[in-house]
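**Q** structure for the following, please:
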Amino acid sequence: MNIFFGKLFEEIANIFESPFLIWEMLTMLRVGVKGESALELDDFLRSNAPEIEITANDLELLRTRYMLPADMETNCRTNQRILTIANRIFINKGTRLKKSFIEVLQQRFACGIQEVDFSARTQAADVINVWVSNATHERIRDIISSHDVGANTQAVLTNAIYFKAKWQHQFETIDTRQENFHLNVDEKVLVPMMSQTMNIRYGYMSSLNAVAIELPYRDSDLSMLVIMPIEASSWAGLVAISQLKLSEVLDRMEYRKICVKLPKFSFNCTIDVHSLLTQFGVRGIFQASQDFSNLIADHASNFSVSKIIQEAFINVTEEGTEAAAATACCIDGPVHFDETFYADRPFYFCIKNRNLLKLFDGCYRRPC
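**A** You can find the predicted model right below:
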């Protein structure tokens, strides 16, 4: 979520997250809570997450197009999918969930339910990690450890998203060169810089002195939006860019013939969502109370959320993007283009759909 960026910039060089997964997780939790916890979640989702709120129709479209059926094992997935979303609740042996809670999650989020014995903490953690690993094509393998669960654990809510797509305008590996990437006004390092001239949407935002391009993916309504300050900037400038509404950016863009230079990059990012939420006033769900009586059928007075962690992975290459063949190109004469987008300094990026839903977003500041 964009509101997290200011906090994350102080701790993490390269940020990558799925705002949609955080919204989805909190929305699923909201179905199961009441009282002060419900009010805090309502306030947070209403005030701080408007960029990822989606209508019931949009959610239904996501469910039918991208969410794996609740009764489908993640290892039965097809590799032909560009994007997959999977949800599952792991409940402790003997714990009963409210029927109304189960119905809503299965109908709205295609959420599966699996019983495990959390007293056997190592085996329970392995079951969850295997599910997440399968859902993310082994890109995320250890989302939790045996220390995160135990005999007192009642349930673990998990969701996963996997994205792998080819660029509509692919970069040629033969054109990738080692070039400078400016960490700041004083430091620079060499990175593999991809290069391609293409007809894409391009825009300039005078209020932030920044430029943006939209790189579409093949055979989908998904694209990557890259926004970069004209000058090497402080983290505050990138935070300001991350707060922009997508509609405001896209309204300033038009199709141009652009020479694009973008670094290849790949990294993992782990975010302690629990810690961030408490800083923004969401505390009730992390304290034992009776607020979870809409979720747990028995012993809800002893229930609380102990941990919310998100781990994300991104890999950007000449072929496309994974959030999991070279050909030579001979040019007889000079290539003419209108503008140059040279991503040789820190930049913000997001992967969105046609309805401006952010599935992923992040910031690339320091080559790994």
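
**Q** can we go C-alpha only for contacts and neighbour counts from here?
**A** Noted.

**Q** which element, helix or strand, includes Asn180?
**A** strand 177-182 (DSSP states H and E).

**Q** strand partners of that strand, parallel vs antiparallel please.
**A** strand 188-205 (antiparallel) (DSSP bridges).

**Q** show me what counts as buried in the partner strand.
**A** By 16 or more other CA atoms under 10 Å, the buried positions in strand 188-205 come out as 191-205.

**Q** what's the following helix or strand past it packed up against?
**A** Toward the C-terminal end, the helix or strand that comes next after strand 188-205 (DSSP H and E) is strand 210-216. Packing contacts for strand 210-216, counted by 3 or more CA pairs under 8 Å, 6 or more residues apart in numbering; DSSP states H and E, involve strand 188-205, strand 223-229.

**Q** list the neighbouring strands of strand 210-216 plus their orientation.
**A** strand 188-205 (antiparallel), strand 223-229 (antiparallel).

**Q** out of those strands, which comes closest to Asp117?
**A** Nearest to Asp117 among the strands paired with strand 210-216 is strand 223-229 (41.2 Å), distances taken as CA to CA.

**Q** next helix or strand past the closest one?
**A** helix 235-242.

**Q** what residues of that next one count as buried?
**A** Buried-residue list, helix 235-242, by 16+ other CA under 10 Å: Trp235, Gly237, Leu238, Val239, Ile241, Ser242.

**Q** pLDDT check: weakest of the residues you listed?
**A** Lowest pLDDT within the buried residues of helix 235-242 is found at Trp235 (67).

**Q** low-scoring stretches of this structure, by residue?
**A** 1-3, 48-81, 232-235, 299-302, 324-338 (pLDDT under 70).

**Q** break it into its domains for me.
**A** Domain assignment for the chain by automatic domain parsing gives 17-163+270-313, 166-265+315-364.

**Q** nearest to Phe9, out of those domains?
**A** Comparing the domains of the chain by CA to CA, domain 166-265+315-364 comes nearest, at 6.8 Å.

**Q** next up, phi/psi of the closest residue to Lys352 other than its chain neighbours, please.
**A** Distances taken as CA to CA, 6 or more residues apart in numbering put Lys358 closest to Lys352, at 4.5 Å, once the chain neighbours are dropped. Main-chain torsions, Lys358, degrees, to the nearest 10: phi -80, psi 110.

**Q** state the distance from Lys358 to Trp23.
**A** 11 Å (CA to CA, to the nearest Å).

**Q** next: Leu295.
**A** Counting by CA to CA, the separation of Leu295 from Trp23 is 18 Å.

**Q** who has more neighbours, the two?
**A** Taking other CA atoms under 10 Å, Leu295 and Trp23 do not tie; Leu295 has more neighbours (24 against 18).

**Q** so the more buried one touches Val33, yeah?
**A** Yes. Between Leu295 and Val33 there is a contact under CA atoms under 8 Å: 6.5 Å.

**Q** mind listing the helices for the stretch 1-150 of the chain?
**A** Using DSSP state H, counting those that start in this stretch, the helices of the stretch 1-150 of the chain run over 5-9, 19-32, 35-48, 56-65, 99-109, 121-135.

**Q** let me know which of these is the nearest to Glu231.
**A** Proximity to Glu231, assessed across the helices of the stretch 1-150 of the chain by CA to CA, is greatest for helix 5-9 (18.4 Å).

**Q** list the buried ones in the closest one?
**A** Phe5, Gly6, Leu8, Phe9.

**Q** do the same with stretch 84-103
**A** 84-93, 96-97, 101-102.

**Q** and those as TSV, adding distance to Ala343?
**A** Listed next are the buried residues of stretch 84-103 as TSV, based on distance: CA to CA, whole Å:
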residue	distance to Ala343
Thr84	29
Ile85	30
Ala86	33
Asn87	35
Arg88	38
Ile89	41
Phe90	42
Ile91	46
Asn92	48
Lys93	51
Arg96	52
Leu97	49
Phe101	46
Ile102	46
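
**Q** can you redo the helices and strands packed on strand 210-216 as TSV with distance to Phe280?
**A** Below are these laid out as TSV (distance: least, CA to CA, whole Å):
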stretch	distance to Phe280
strand 188-205	29
strand 223-229	26
